[in-house]
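Q: just to be clear, the model below is a prediction. Sequence and coordinates:
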Amino acid sequence: MGQFNDKVVVVTGAARGIGQATALRFARSGANLALCDLDKEWVQETANKVVELGGRAACYSVDISNKETVQKLMQDIHTDFKRIDILINNAGITKDGLIARMSEEDWDQVININLKGTFLCTKAASKYMMKQRSGAIVNVASIIGLIGNAGQCNYSASKAGVIALTKSTAKELARRDVRANAVAPGFIATKMTDELSEDVKQGMLSAIPMERFGTPEDVANVIHYLASDEASYVTGQVLTVCGGMVT
């Protein structure tokens, strides 16, 4: 029996990257997975990998920036699995550009998905957790929400908002034994970083004391810990997963 045997874990943005790695990490611990993504075809691949590990998974196509859609999502998940134990708010996007050139549309889209989406999912899922008097929420923020970054004012604002939302959520839900924490990844190896030039990669690596990019699994392991009973007295915290960039 795994550490999360029979627990129901909801993962948004589960189709690839950190979301997929997180889903597989929980599957190895016996969890049942509710996998959410805008692209249901892609998220089905994650579900297939969960099943290969002997886990149970269901896929849900959802726009997390839409209130009605998110409410129905959590209702459907609760109907299918009978409970919601853990919520991983991972879905997010970037629309980079200098502030002088950034369109209002690019600003709104990033804020709506990264921050509003996290709020909507938290609000909808926590209703069930509070009734159960148990639950754990882990939000995927970013070190950019802590230190900022040129060309990412929308993204940094959204992730700083996620951090503040996490802390407030933790204080509100603690009396119902529902915890809320966040992870703040640094530079994580993805298909996007693979396409960067060697000069750009070296420039990024020079800012990392551990001199390597992180992996989605590095982040998934920290998420797994924060959601576990081993972190039962941890709430309202932000753990950076950045190889020492933010110290």
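A: Thanks, I have it.

Q: what are the ranges of the helices in the protein?
A: Assigned by DSSP state H, the helices in the chain fall at 17-27, 40-52, 67-81, 104-110, 117-132, 144-147, 153-173, 191-194, 198-205, 216-227.

Q: return the most buried member of those.
A: Comparing the helices of the chain by mean neighbour count (mean count of other Cβ atoms under 10 Å), helix 17-27 ranks first with a mean of 25. In short, each C-beta sits where N, CA and C put it, glycine included.

Q: so which elements touch that one?
A: strand 8-12, strand 32-37, helix 40-52, strand 86-89, helix 216-227 (3 or more Cβ pairs under 8 Å, 6 or more residues apart in numbering; DSSP states H and E).

Q: now with 10 Å?
A: Here helix 17-27 touches strand 8-12, strand 32-37, helix 40-52, strand 56-61, strand 86-89, strand 135-140, strand 178-185, helix 216-227, going by 3 or more Cβ pairs under 10 Å, 6 or more residues apart in numbering; DSSP states H and E.

Q: let me have those in JSON lines, extended by mean pLDDT and distance to Thr166.
A: Output for the helices and strands packed on helix 17-27, formatted as JSON lines (pLDDT from 0 to 100; distance: least, Cβ to Cβ, whole Å):
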{"stretch": "strand 8-12", "mean pLDDT": "98", "distance to Thr166": "15"}
{"stretch": "strand 32-37", "mean pLDDT": "98", "distance to Thr166": "19"}
{"stretch": "helix 40-52", "mean pLDDT": "94", "distance to Thr166": "24"}
{"stretch": "strand 56-61", "mean pLDDT": "96", "distance to Thr166": "23"}
{"stretch": "strand 86-89", "mean pLDDT": "98", "distance to Thr166": "9"}
{"stretch": "strand 135-140", "mean pLDDT": "98", "distance to Thr166": "5"}
{"stretch": "strand 178-185", "mean pLDDT": "98", "distance to Thr166": "4"}
{"stretch": "helix 216-227", "mean pLDDT": "98", "distance to Thr166": "11"}
